[in-house]
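**Student:** Provide a 3D model corresponding to the input given below.
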Amino acid sequence: MPIHSLMFGWEYPPRHLGGLGVACQGLVRGLVNQNVKVTLVLPFAADGSKDNIDTLCPQEEHMQKIRVASLLLPYDSPELYAQRIQSIPNETAQIYGENLGSAVHVFTETSVEMTKHLRPDIVHAHDWMTYEAGLRSAHHHNKPLVAHIHATELDRTHFHPNEWIYGRERWGFEQADHIIAVSNYTKNILVHHYGIHPDKISVVHNGSSEQPIQHPTPYPLAHHRHPMVLFLGRLTIQKGPMHFLEMASMVHRYDPNVQFVVAGGGHMLPSLVNQAVKLGLQDCIIFAGKVTSDEAQKLYAQASCFVMPSLSEPFGLVALEAIAQGTPVILSKQSGASEVIGHAFKVDFWDTEKMADCVLTILRETSLASQLTSEAPRVLQRLTWENQANKVVSIYKNLLHT
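**Tutor:** Numbering: from 1, shown residues only. Next up is the predicted model:
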């Protein structure tokens with residue numbers, strides 16, 4: 001009999017704002033290919049729109065989906081939820097939850113009740129919003145709970161957490177039978193900042209569905225345009241967009257021909273635009289806004305290099321997306337991706353001077369740029385979602401036989 005995983009998540013394509021949704025989809029597909037039955041429980045807005053978590057790939061016939069009416073959104077904070085709830089009628093707010101805590105409670109109550117009839121072998125919960133639902137379901141079914149952590153509150157806030165969310169995370173880690181962290185970097189945070197014993201944590205790096213291009217050439221069309229340096233990610237403190245601008249200003253002083261693109265949406269956009277003007281970058285930088293997957297691939301392919309200056313990045317799927325397009329990458333040392341991509345420049349997020357030097361070196365040394373991309377096929381071949389899902393299946397089996 002195949003293992004049946006009852007999985008609680010809060011982001012899934014086509015509705016996703018960050019890497020967690022992509023990772024969750026990749027893992028689910030990988031598990032299905034490993035003959036695991038997955039029942040995926042997700043919050044969604046009950047308005048019938050195309051943005052609902054309702055569109056799943058046809059090949060996922062072994063995956064059952066359960067949709068729970070909820071106003072929870074990825075990367076919610078108490079403040080963001082409170083702002084959003086003000087725009088809907090009071091009677092609706094009372095149904096979904098008048099604040100973030102009550103919204104999580106409603107999701108928990110509803111999702112646990114809706115899944116009581118199932119007979120899972122294991123319960124798997126993604127990030128803090130789902131940990132209580134996972135724990136209560138695990139207790140109801142008398143099955144082990146796996147807590148999967150993709151990003152902690154410390155990552156999102158540069159170690160200035162909302163204490164309530166931090167407490168919910170820590171409680172979930174303590175209650176879980178086992179924890180999956182997406183990197184050794186994240187495991188160390190759990191050990192040193194949450195007090196979790198390292199033996200309770202397994203590291204399963206995120207996988208990739210990307211196929212490397214066959215014959216990458218450093219920054220194509222170089223003879224027809226200026227070199228371009230790319231940032232792609234949510235415009236939040238965690239992703240380091242201000243450090244990218246600081247680096248850009250240093251590069252611009254040495255080479256005014258370099259162009260910069262900042263792709264992604266987020267609350268920091270107005271302040272980033274103002275800062276770019278203060279730094280004199282207004283004529284050489286484009287703020288592209290949130291981009292689709294196809295648009296992102298084109299940006300990677302056109303970029304001379306990709307910079308991920310995250311202050312605290314549990315993994316960083318964008319780095320794998322970049323190397324798949326034959327793009328040299330510069331990675332923050334404070335990231336999980338730096339653990340699995342060997343051929344890359346790795347710098348501390350705060351060392352913008354070193355970051356700028358790395359960019360200029362890549363633009364100047366075409367042979368080095370080619371060397372940085374040469375490892376990409378091996379990395380992507382090793383980090384398939386099937387391989388990573390197989391590691392998760394091993395964790396399941398160990399829990400079920402102990």
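**Student:** report the mean confidence score over whichever helix or strand His243 is part of.
**Tutor:** Taking DSSP states H and E as the criterion, His243 maps to helix 241-254. Throughout helix 241-254, pLDDT has a mean value of 98.
**Student:** so where's the stretch 201-350 of the chain uncertain?
**Tutor:** Low-confidence segments of the stretch 201-350 of the chain, defined by pLDDT under 70: 214-225.
**Student:** hey, where'd the helices end up in it?
**Tutor:** 241-254, 269-278, 293-302, 317-324, 337-340 (DSSP state H, counting those that start in this stretch).
**Student:** same check, this time on the stretch 51-200 of the chain
**Tutor:** Listed in chain order, the helices of the stretch 51-200 of the chain (DSSP H, counting those that start in this stretch) span 78-85, 90-96, 100-114, 131-141, 153-157, 163-175, 184-194.
**Student:** send me stretch 4-15 as CSV with only the CA atoms.
**Tutor:** Only the C-alpha atoms of stretch 4-15 are listed here, as CSV (Å, rounded to 0.1, in the frame of the first residue of the first chain):
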residue,chain,number,x,y,z
HIS,A,4,-0.8,8.5,2.4
SER,A,5,0.5,11.9,3.4
LEU,A,6,-2.1,14.4,4.7
MET,A,7,-0.4,17.7,3.9
PHE,A,8,-1.4,21.2,5.2
GLY,A,9,-0.1,24.1,3.1
TRP,A,10,-0.8,27.8,2.6
GLU,A,11,0.5,28.6,-0.9
TYR,A,12,0.3,26.7,-4.1
PRO,A,13,0.5,27.7,-7.8
PRO,A,14,-1.1,29.3,-9.6
ARG,A,15,-1.7,31.4,-6.5
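**Student:** show me the chain divided up by domain.
**Tutor:** Residue ranges for the domains of the chain, per automatic domain parsing: 4-207+384-400, 228-382.
**Student:** can you list those domains in JSON lines and add distance to Ile213 and mean neighbour count?
**Tutor:** For every residue, glycine as well, the C-beta is placed using N, CA and C. As requested, the domains of the chain are arranged in JSON lines below (distance: least, Cβ to Cβ, whole Å; neighbours: other Cβ atoms under 10 Å):
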{"stretch": "domain 4-207+384-400", "distance to Ile213": "17", "mean neighbour count": "19"}
{"stretch": "domain 228-382", "distance to Ile213": "5", "mean neighbour count": "20"}
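**Student:** which phi and psi does the residue most central in space within the chain have?
**Tutor:** Centroid-nearest residue in the chain: Gly19, 2.5 Å away (criterion: Cα atoms, centre = their mean). Backbone dihedrals for Gly19, given as degrees, to the nearest 10, come out at phi -70, psi -20.
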